[in-house]
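Trainee: Have a look; sequence and predicted model below, questions after that.
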Amino acid sequence: MSESVHPAVRARALHIGYQNQTVLRDISFDVAPGEVFVILGGSGCGKSTLLKHLIGLYEPIEGEIWIAGENLLAAGGEHRRRVMQRFGTMYQSGALFGSMTVLENVRLPLDAYTDLPERAKTLVALSKLRLVGLAGSAEKMPSELSGGMRKRAAIARAMALDPRILFLDEPSAGLDPITSAGLDALINQLSERFGITFVVVTHELPSIYAIADRVIMLDGRTKTVAAEGCPHELRTSAKDPWVRQFLSREAHEHRAA
């Protein structure tokens, strides 16, 4: 059975927490192949925590996570390694190694997971840098890059193994509006050109409206999903007035973020 039959990402009845504290409960959703899917919500609602569970950094208290038809939580050893190679991740800070050049950073997944010749690894890494508009920055150090360029380099590294799914944690955080819009355009380009599935954590409304096919909105008060759907439609027709106000950037003094 081909991967396209399965959701790219499937979460079922996730209960996430630490010790006796519940962060999120009863979280279920599917992400279709090729979709740009955004996880949003107020500060402290558990967006980045959910993403860290989806990529296998943490295990939920209960529930299931499926990546392209493979049960991530049930996979072990070499099987888990193969499942993990199906996706790439860009962390909020970019997480580039400061002692390595941009090219060396992008090559890291190829060094870790492939037996390609050295020249082939370099050529693949250079091709990913070209895709994100950083062809001329291969030999620079991360400290020489702007914030937006570091985010682009991190996306290039996440793409090194040609995954069909990319997880991005707050890609626009700390960027000015013009740089952020350029990053949104890059996400749309990669989605349209290569059919990559994106799962993006963000609370930046301009980015949400620019890139999202569909969103889930987490509610920090109930610790569940408050709404799911197209953000443009939810802004006007969500049943929960808090969801409409959030997506319209309206103040509401009675609801915790």
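Mentor: On my side now, so go ahead.

Trainee: Check which helices and strands the strand or helix carrying Ser180 is in contact with.
Mentor: Taking DSSP states H and E as the criterion, the element that holds Ser180 is helix 177-194. Here helix 177-194 touches strand 36-41, helix 147-158, strand 197-201, helix 205-211, going by 3 or more Cβ pairs under 8 Å, 6 or more residues apart in numbering; DSSP states H and E. Every residue, glycine included, has its C-beta placed from N, CA and C.

Trainee: make it 6 Å
Mentor: Judged by 3 or more Cβ pairs under 6 Å, 6 or more residues apart in numbering; DSSP states H and E, the packing partners of helix 177-194 are helix 205-211.

Trainee: Put the alpha carbons of the helix it packs on into PDB.
Mentor: Extracted in PDB, the C-alpha atoms of helix 205-211 (Å, rounded to 0.1, in the frame of the first residue of the first chain):
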ATOM      1  CA  LEU A 205      -1.600  35.600  12.300                       C
ATOM      2  CA  PRO A 206      -0.100  37.000   9.000                       C
ATOM      3  CA  SER A 207       1.800  33.700   8.500                       C
ATOM      4  CA  ILE A 208      -1.200  31.600   9.400                       C
ATOM      5  CA  TYR A 209      -3.400  33.300   6.700                       C
ATOM      6  CA  ALA A 210      -0.500  33.200   4.200                       C
ATOM      7  CA  ILE A 211       0.400  29.500   4.400                       C
END
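
Trainee: buried sites along that helix?
Mentor: Residues of helix 205-211 classed as buried: Ser207, Ile208, Ala210, Ile211 (neighbour count, 16 or more other Cβ atoms under 10 Å).

Trainee: and it, how far out from the chain's middle?
Mentor: Mean-position distance between helix 205-211 and its chain equals 14 Å (Cα atoms, centre = their mean, to the nearest Å).

Trainee: same question, stretch 142-160
Mentor: Distance, centroid of stretch 142-160 to centroid of chain: 15 Å (Cα atoms, centre = their mean).

Trainee: for stretch 84-103, same thing?
Mentor: Worked out by Cα atoms, centre = their mean, stretch 84-103 lies 13 Å from the chain centre.

Trainee: measure it end to end?
Mentor: Counting by Cα to Cα, to the nearest Å, you get 22 Å between the two ends of stretch 84-103.

Trainee: swap in stretch 86-100?
Mentor: First-to-last residue span, stretch 86-100, Cα to Cα: 25 Å.

Trainee: Then stretch 98-106?
Mentor: Distance across stretch 98-106, first residue to last, is 12 Å (Cα to Cα).

Trainee: go on, stretch 56-70?
Mentor: End-to-end distance for stretch 56-70: 13 Å, by Cα to Cα.

Trainee: what residues does it touch?
Mentor: For stretch 56-70, the surrounding residues in contact (Cβ atoms under 6 Å, 6 or more residues apart in numbering) are 3, 6, 10-17, 52-54, 72-73, 83, 86.
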